Each structure stands twice: as C-alpha cells, then as structure tokens.
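Colleague: here is my input; please provide its structure:
(2 chains)
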Amino acid sequence: MPGFRVLLVDDETIFTKNISKLLKNRGYEITAVNSGDAAIRELEQNPVDVIVLDLKMPGMDGIATLKEIIKLGLFAETLILTGHGSIDSALEAMKLGAYDYLTKPCEIDELVAKIESAWGKKKEAN
Amino acid sequence: MKVPHIAHDGSEAAEGPDLAGERRATYSRLFWRFVWLTILCSLVPLLLVGWGINLHYSQFARERMLNFLQTQVEDHRKDIERFLSEQTSKLQLIARTHELEQLIKPGSLQTVFELFNQDIRTLTDLGVIAENGYHLAYVGAYDLWARNYSREFWFDQAMQKGIYVSDMFMGFRKEPHFIIAVTHSKGDRKWILRATINTEAFRSLVENVRIGRTGQVYLLNAEGVFQTSARVSGAIMEKSSYPMESYHEGLRTRTLDGLRDAQGRERPRQIACQAWLQDPRWLLVVKQDYDEAFADVNHANTWTLVFLHLSAASILVVTVFITRHMITSIKRRDAEADRLNQQLLQTGKLASIGELSAGVAHEINNPLAIILTERQLLLDAARQTPITDPEFQEQFSDSMNQIDLQVQRCKRITQNLLRFSRRTKSMIEKVDLNGFIQEVVDLMEREARTSGIKFFSEPDLALPPVSSDPSQLQQVFLNLITNAIDAHDGKPYGSIRISTRADAERQMATVKVADAGAGIKPEHLSRIFDPFFTTKAVGKGTGLGLSICFSIVKRLGGSLTVQSEVGKGTEFTIQLPYTPPKELQDSLSTKRSPKPAA
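Modeller: Predicted structure coming up:
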C-alpha cells in the first residue's frame, strides 16, 4: 500500500469516479471532489499528500484553487491535469509551485507514475 | 517544364477571366485618364502660351515692317515733290528774272539749259513758246521748232494756271515725257517757259528706293496710267491693274490679291503702301510681295511653331512613357495588395478556425479521458475476474485495443487542433538556419530510411543567423518534411532536396523543401493551406499541418508558397526575414544569446 493520500479535483464527475476507482484498485487512498471550493473545504479538514487538479473548472478554476491551496500553507505536491492541451496554463501553475502536469486523455499508468513521483518529491521535502 | 504556381498572392492566374479582363480595362481607362489629364495640364498651357507669344510677336514684327515701309514711302514722296517743286521754282525764277527778248536771244536759252543740267541732266529740252503756240526759242534734240502747241492740252492749262505740270504723254516727239510749263506775262505779252523733264533721270529718282527682291516703286496718274515704268507691273504710259482709289491725305497701306503683271499673269498677294503727290496728282506706289515682306516674320513663326510642336510631341512621348511606368507600378502595387489581402484572408480564416478548434479540442478531450478510464476499469475488472470464454476473451481484448487505438487517434487530432490554435509563448532567438535544418533532417532521415528516400541538403553558407522562433520553425520544417516523405507514398525510392538561400538586399532567407513525389493536382493547389484540407487517407492526416505552417511563417513575418506538378513533385518555398516583424518582437521577449539549434 502506498500509504499516502491523494485528492482529485475535477468538475467531470464520471471522470473523478472512474479515476478514484482505478486508483483505489491500485491501492491508493483517494478522495475526489468536483470543484475548487470543495477541494479547499476538504483540504482544510483532511490534508493530503498529492493533489491532482484540473485547470478548467466552473467557479474557481485550477489556478485560483492552487493559489488558495498555497495560501493554506499545505505541504502537498500538486499535479495539474488539463484537457486544453495548451501547456501555457500548466506552465503558469508550475511557476506558482505545481509539481508537474498531465494532458487529458492520459493513461492510468502515466497518472500513477506522476503521482508516485510527486509523492517521492514530497517525501524528499519532508 | 511549366509548373503551375499558386502562391496565395492573388496573381492573375488565380483570377477568373472576367475579373482579369475587367482589371485590364480599368488599367487602360486609368492610363488614358492620366494621359489626357497630363496633356490637358501641360500641353494646353504650353500651346496657348506658345501660340499667344507667336501671335503677339508676329503682329509686332508686322507693325514694325509696315512702319518702316511707310516711313520710306513718306520720305520718298517728299523727295519727288521736292524735285518737282525745285524744277518748277527754277523755271519760275528764270521766267521772272529774264526779259523775253533776253531769253530768246541766240545762245541765251542754251546757257540756261546748260545751267539747269549742270550737275544732273534733269531736262531733256527747254523752250520759250509764244501766245500763238510757236517756239520763240528752243534748246533740245527734237525737231519741234515748227510745231504749234496752241491746241495741246497742256498749253491752255499753263496759260490759265500759270504753272502746269503735265502727266506723261507722247506729244510731237512720240515718246513718253512730261513737262513743266511756267507762264509769264509782261504787259500784254504772255509767254510760256516749258521744260521737258528727263524721263530716265526722273525714273531713277522715283525708283531710288530699293525694297527687297520683289519690291517695285512707281507713279500712277489719277487714271491709273504708269508715269514711270514698273519693274514687273507694267511699262510707262500703260494702264495699270492697280486698284485706284480717290485722292486721300497721307499714307495708306493695302494688301492686294489677284493683281496681274504686264503679261497678264496673276501676281502673288502683295503689300502696297501708297501716297498721293500734291501736284501733279500722281500716286506713289511702293509694292512688295507679301511673302517676301514678311519673310523674316514667317520664318520666325515657322521655327517657333516647329519648336513648339516638337516640345508638345516630346511632352506627349514623356507623358505616355511616365504614365505607362506609373500604371506598371500601380499594377505591381495592386498585385502586392491582393497578395496581402489574400494572406490576410487566409490568416483571418486560420485565426477563427483556431478559436473554434481550441474549444472543440477541449470539449473532446474530457470525454476521451472518460472513455480511457472506462476502458481501464473494464481491463481492471477483467483482470480481477478473468473471462473464461476464449472467444469472448479475444473479442474483449480486440475491442479494448481498438478503443485505445481510436482514443489515441482522437487525441492526435485534438492535439493537432490545439497546436494549430495555440498561442504559445515563443522566444525570438538567433537561429543558424543551415545547422537547424540539418538537425531536423537528421531526425527525419532516420524515420525515412526504411522508405528509400534520400535527403539532399544545399545550404547557402553565406546565410547569416536569423532572428526567429526555433520551436515554431521546427514545427514548420517537421511538417513540411513529413509531407514530403508522405508524398512518396507508394514509391520504392525518392528524394527530398532542402536548400537555403540568402538575399542580403531584401534581408530575407529562402528555404526550399522540394520532393520528387506524386505532386499536387492543380485543383488542390489553391486549397492546400486551408485548415482540414487533406488528400491523405482517412486517419492519416488531419489537414492541419500546412495551415499551421502557413500561420507560423506568416506570424514570423515571412511567406510560404508552393509549386507543384503532378508526377514530378512539389516544392515549398519559405521566405523568412532576417529579423521578425516589430510587433512580434514587441510581443515577445527576445533572447540575445545565440542558440544554434533546438
């Protein structure tokens, strides 16, 4: 068991449900929320180790959410997930402090590899 | 080999015949409008001023010439009158200072006659005639002693008036002459001192004014009979064809047409100046051919007009030449404007499609991500609960693979779409195009090796590093080379030639990517830069590659054109400025340090 918590933030409920299942199948402890606000609320109550954050969401978007997360001062590595293909926003997020980015659609193995890598970074930092 | 050239430049070949014809008509109208306007603005004033000055000068010159003629005639009239008046005065003096007896004494009249003719032979003869008409004394060469003059026309006139100057007449001597008769009376005796003026001497006096080659001077009596011979018009005592006018004071200048000479031949137009003598009433006529009189003026006129019209002709030629040159420039500018418009249109089309593509791509990526996760869930489930039916297992496995394949295909399409619309943060750097292209070629050559395609590079070593965006250029060259490889589809071998050329004057680099592939059909040529236009098999191309290339090159301030012939191959030409457009530079951060290749 990996032994760390992952928070998935994406407005596509089916996507979050599927990814949650897939990650759980692979032994990860994952919580999924469908908006930036929900993510902040969740994080305030249950801190996580790795956040997988969609950039384009209604309401608070990925960048705004990231900024809020940074404000909270949580020591979690953030992976940016974008369906836009454009890496501009992803690069901006990385400048803000995101660990890495992934473009949709992506293979589950690729996502898992990135999450592991982020967790590795988190462990190093600690 | 004639290669059709479609260059997105709006050239005539791309226009319909009607449009081209209309353009030609417009240029023709424009040409003639310019020509006429220039003629109106330059020739008309020139001709008006030229003709005006010429007219003014002609009038001035004519007036001067006529003034000169009139002065001559006036002076000459005075000379003739003075001569006649002198002769009359002399005769009067003799008559008054000499007693008749003294005069008719032998030898006395001879002395007077000789004194008269001392300097010039003015008189032909001199006689003293009694009241009865017979000579009392006579000195002269004619045999007139026995003649009686009492019935002669002049005799009565002289007796009545005291002084009489006759017209020319033949008289007893049967030759033209005229006389001056002075009557003197003393007591109841009256006598006449009559002198015959030397006709030749008088004629010399009259003709003693030379006016040109065709000039004539003569005297006419009131009936228009010549009193002196004229050089051409007629002999003495003949009737002249000169149109007589009644007596007038002063001078009169006339232009005469249709006069005839002594032989009856018509004379050319003449200019005549006439003046009446007081006594006798003779008309002094000075005449000259009109053309000769105004020869200098006419000559000057002719040359002025020749120069004027030569100037006009040269203006005309220069006007036509300049206008033609101007129209050619306008045509060139129009073609350039068309080309830019076409590019603008293409760019606009690409931009709007780009906006649309970005939205579509994003919307598709999310469902694709879900499909992939669903597939993965099914695979996970199958792993946990293995399928026992081998047939179903095979079908399941095939379907899963196919789902993955199609999702990847969709992903490729959306990535292309997004790349097409992407406004990535570019960097302007110094790029050594030769080295840069070689790297791209090396990369592609590995992929093309199996297809038997050979690469040939012809770099222009004089090409300096250009300031451009290497990542975007890389995409352009990758796309063009991929297309060039694909163009050989079905051929066991082929070649791709990549050349660079420096144009220092225009500060442009030219890169040509030419393949020996299948070529592009003429009907496809004009559409190949349109987004989503592809001739590749379904699933093989998105139709965005060349659109992306076009918009990238355009954005970098260059141009992308194509030449192709079916069966022979295709050549793409990229013109890239040494420095990108200012607006691009302003919008990007420029990295100064040179970087050889991406």
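
Colleague: quick check: residue B:154 is in a helix.
Modeller: Yes - with DSSP: H, G, I helix; E, B strand; the rest coil as the criterion, residue B:154 is assigned to a helix.

Colleague: now residue A:36: closest residue in space that isn't a chain neighbour?
Modeller: residue A:60 (3.1 Å; Cβ to Cβ, 6 or more residues apart in numbering or on different chains). For the C-beta atoms, the positions are set from N, CA and C on the backbone; glycine is no exception.

Colleague: what helix or strand is the nearest residue to residue A:108 once chain neighbours are set aside on?
Modeller: Nearest residue to residue A:108, sequence neighbours excluded (Cβ to Cβ, 6+ apart): residue B:376, at 4.6 Å. Counting by DSSP states H and E, the element that carries residue B:376 is helix B:295-384.

Colleague: past that helix, which element shows up next along the chain?
Modeller: Sequence-wise, the next helix or strand downstream of helix B:295-384 (DSSP H and E) is helix B:390-421.

Colleague: could you pull up the mean pLDDT of that next one?
Modeller: Taken as a whole, helix B:390-421 carries a mean pLDDT of 83.

Colleague: and it, what does it pack against?
Modeller: The contact analysis (3 or more Cβ pairs under 8 Å, 6 or more residues apart in numbering or on different chains; DSSP states H and E) places helix B:390-421 against helix B:295-384, helix B:545-555.

Colleague: would you list the ones you listed in a markdown table and tack on mean neighbour count and mean pLDDT?
Modeller: Shown next, in a markdown table, are the helices and strands packed on helix B:390-421 (neighbours: other Cβ atoms under 10 Å in any protein chain shown; pLDDT from 0 to 100):
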| stretch | mean neighbour count | mean pLDDT |
| --- | --- | --- |
| helix B:295-384 | 15 | 85 |
| helix B:545-555 | 23 | 85 |
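
Colleague: distance to residue B:502 for these - can I get that in JSON lines?
Modeller: Formatted as JSON lines, those follow (distance: least, Cβ to Cβ, whole Å):
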{"stretch": "helix B:295-384", "distance to residue B:502": "23"}
{"stretch": "helix B:545-555", "distance to residue B:502": "17"}
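
Colleague: which stretches in the chain count as helices?
Modeller: You didn't pick a chain, so chain A it is. Applying DSSP state H to chain A gives helices spanning A:13-25, A:36-45, A:62-72, A:88-96, A:108-125.

Colleague: not quite, I wanted chain B
Modeller: B:17-38, B:44-97, B:100-104, B:108-116, B:153-161, B:199-206, B:290-293, B:295-384, B:390-421, B:433-448, B:470-486, B:522-525, B:545-555, B:582-587.

Colleague: show me what the helix or strand bottoming out on mean pLDDT in chain A is packed up against.
Modeller: When each helix and strand of chain A is scored by mean pLDDT, DSSP states H and E, helix A:88-96 comes last, with a mean of 80. On a contact count with 3+ Cβ pairs under 8 Å, 6+ apart, helix A:88-96 meets helix A:62-72, strand A:77-82, strand A:100-103.

Colleague: rewinding a little: nearest to residue B:580, out of the helices and strands packed on helix B:390-421?
Modeller: helix B:545-555 (8.5 Å; Cβ to Cβ).

Colleague: contacts only, for residue 38.
Modeller: No chain specified, so I'll use chain A. By Cβ atoms under 8 Å, 6 or more residues apart in numbering or on different chains, the contact set of residue A:38 is residue A:9.

Colleague: was after chain B, sorry
Modeller: Residue B:38 neighbours (Cβ under 8 Å, 6+ apart): B:315, B:319, B:322, B:323.

Colleague: pick the one among those closest to residue B:365.
Modeller: residue B:323 (61.0 Å).

Colleague: show me what contacts that closest one?
Modeller: B:31, B:34, B:35, B:38.

Colleague: with adjacent residues omitted, what lies nearest to it?
Modeller: Going by Cβ to Cβ, 6+ apart, residue B:323 has residue B:34 as its nearest residue, at 4.4 Å.

Colleague: residue A:27: which of the helices and strands packed on helix B:390-421 is closest?
Modeller: That would be, of the helices and strands packed on helix B:390-421 and by Cβ to Cβ, helix B:295-384, which comes in at 12.0 Å.

Colleague: the inter-axis angle of that closest one versus helix B:17-38?
Modeller: With axes from the mean of the first three to the mean of the last three Cα atoms, to 10 degrees as the basis, helix B:295-384 and helix B:17-38 are set at 150 degrees to each other.

Colleague: now do helix B:295-384: distance to the chain's middle.
Modeller: 33 Å (Cα atoms, centre = their mean, to the nearest Å).

Colleague: surely residue B:197 meets residue B:179?
Modeller: Yes - between residue B:197 and residue B:179 there is a contact at 7.2 Å, judged by Cβ atoms under 8 Å.

Colleague: pipe the contacts of residue B:38 into CSV and attach distance to residue B:403 per row.
Modeller: Compiled in CSV, the contacts of residue B:38 are given as follows (distance: Cβ to Cβ, whole Å):
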residue, distance to residue B:403
B:315, 83
B:319, 77
B:322, 73
B:323, 71
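
Colleague: residues touching residue B:98, list them.
Modeller: Taking Cβ under 8 Å, 6+ apart, one finds B:108, B:112 in contact with residue B:98.

Colleague: typed the wrong thing, it's residue B:457
Modeller: B:437, B:438, B:441, B:497, B:498, B:499.

Colleague: pLDDT value on the residue nearest to residue A:36, please?
Modeller: 90.

Colleague: that one - how many residues pack around it?
Modeller: Neighbour count of residue A:60, defined by other Cβ atoms under 10 Å in any protein chain shown: 18.

Colleague: quick one, what contacts it?
Modeller: A:35, A:36, A:37, A:40, A:68 are the contacts of residue A:60 under Cβ under 8 Å, 6+ apart.

Colleague: roughly how far apart are it and residue B:115?
Modeller: Per Cβ to Cβ, to the nearest Å, residue A:60 is found 151 Å from residue B:115.

Colleague: before we move on, what about residue B:511?
Modeller: From residue B:511 to residue B:115 the distance is 122 Å (Cβ to Cβ).

Colleague: redo the helices of chain B as a markdown table? Include distance to residue A:109.
Modeller: Shown next, in a markdown table, are these (distance: least, Cβ to Cβ, whole Å):
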| stretch | distance to residue A:109 |
| --- | --- |
| helix B:17-38 | 59 |
| helix B:44-97 | 90 |
| helix B:100-104 | 169 |
| helix B:108-116 | 157 |
| helix B:153-161 | 157 |
| helix B:199-206 | 140 |
| helix B:290-293 | 117 |
| helix B:295-384 | 9 |
| helix B:390-421 | 12 |
| helix B:433-448 | 26 |
| helix B:470-486 | 28 |
| helix B:522-525 | 42 |
| helix B:545-555 | 30 |
| helix B:582-587 | 39 |
